[in-house]
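> Give me a model of this one.
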Amino acid sequence: MFAIGDDVVYAMHGAGKVKAIEEKKILGEVKSYYILHITNGNMEIMVPTKGESAGLRSIVDAETISQVGNTLAAESTPMDDNWNRRNRENMEKLKTGDVFEVAEVIRNLLRIDRVKRLSAGEKKLLQNARQILASEIAVVNNIQLDEAQEYIDSRV
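All right, here's what the predicted structure looks like:
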């Protein structure tokens, strides 16, 4: 359970802050929701406090960000040559919300893009993954988003 003011990460959206916890009646059912302010895109989203809040987690610590830097610098993992299957696999990794999975997607796609051009779909997925990871790095290290992007780029 999170409290108002907690820094969190919501899979596919990035870092944010719990702004409020409210009860809402939706489709005739009253449920409790976290109201999150997501810094990436300056948006607010509602996430159920119970059951369906998969992908919502606490923000990691500075030591974990250092380990993420190691993941970004590590050797690429094998990926399917077919861009469509590769894209599907990478999307599944992003949906987990795991910071290391996100870093792995970024690392692998950036390296593929250096050798051959990514498809439009993969470019969009890479951009989204970078924004998700950079938003968390920025909060953890108390830096600007562009500095967090530079942190990512300098390690791949």
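> Verify the contact between Lys19 and Ile35 for me.
Yes - in this structure, Lys19 is within contact of Ile35 by C-beta atoms under 8 Å, at 4.8 Å. Any C-beta I mention is one placed from the backbone N, CA and C, and that applies to glycine too.
> Just give the closest residue to Ser119, not the sequence neighbours.
Trp83 (4.8 Å; C-beta to C-beta, 6 or more residues apart in numbering).
> wait, doesn't that neighbour sit right on Glu122?
Yes - using C-beta under 8 Å, Trp83 is in contact with Glu122, at 6.1 Å.
> who's more crowded, those two?
In terms of neighbours (other C-beta atoms under 10 Å), Glu122 is the more surrounded of Trp83 and Glu122; the figures are 20 against 15.
> show me what contacts Gln149?
For Gln149, the contact set (C-beta atoms under 8 Å, 6 or more residues apart in numbering) comprises Arg130, Ala134.
> Tell me the secondary structure at it.
For Gln149, the assignment made with DSSP: H, G, I helix; E, B strand; the rest coil gives helix.
> Which pLDDT value goes with it?
Taken from the predicted model, the pLDDT recorded for Gln149 is 96.
> Can you pull the phi/psi pair for the most far-flung residue of the chain relative to its centre?
Centroid-distance maximum for the chain: Gly28 at 31.9 Å, with C-alpha atoms, centre = their mean. Reported as degrees, to the nearest 10, the phi and psi values for Gly28 are phi 80, psi 0.
> hey, where'd the helices end up in the chain?
For the chain, applying DSSP state H gives helices covering 62-73, 83-96, 99-115, 120-141, 145-155.
> Same list, those helices, but as JSON lines with distance to Tyr10 please.
Supplementary listing: the helices of the chain in JSON lines, determined by distance: least, C-beta to C-beta, whole Å:
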{"stretch": "helix 62-73", "distance to Tyr10": "17"}
{"stretch": "helix 83-96", "distance to Tyr10": "11"}
{"stretch": "helix 99-115", "distance to Tyr10": "12"}
{"stretch": "helix 120-141", "distance to Tyr10": "9"}
{"stretch": "helix 145-155", "distance to Tyr10": "17"}
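> how close does Ala20 sit to Leu145?
Ala20 sits 24 Å away from Leu145, taking C-beta to C-beta, to the nearest Å as the criterion.
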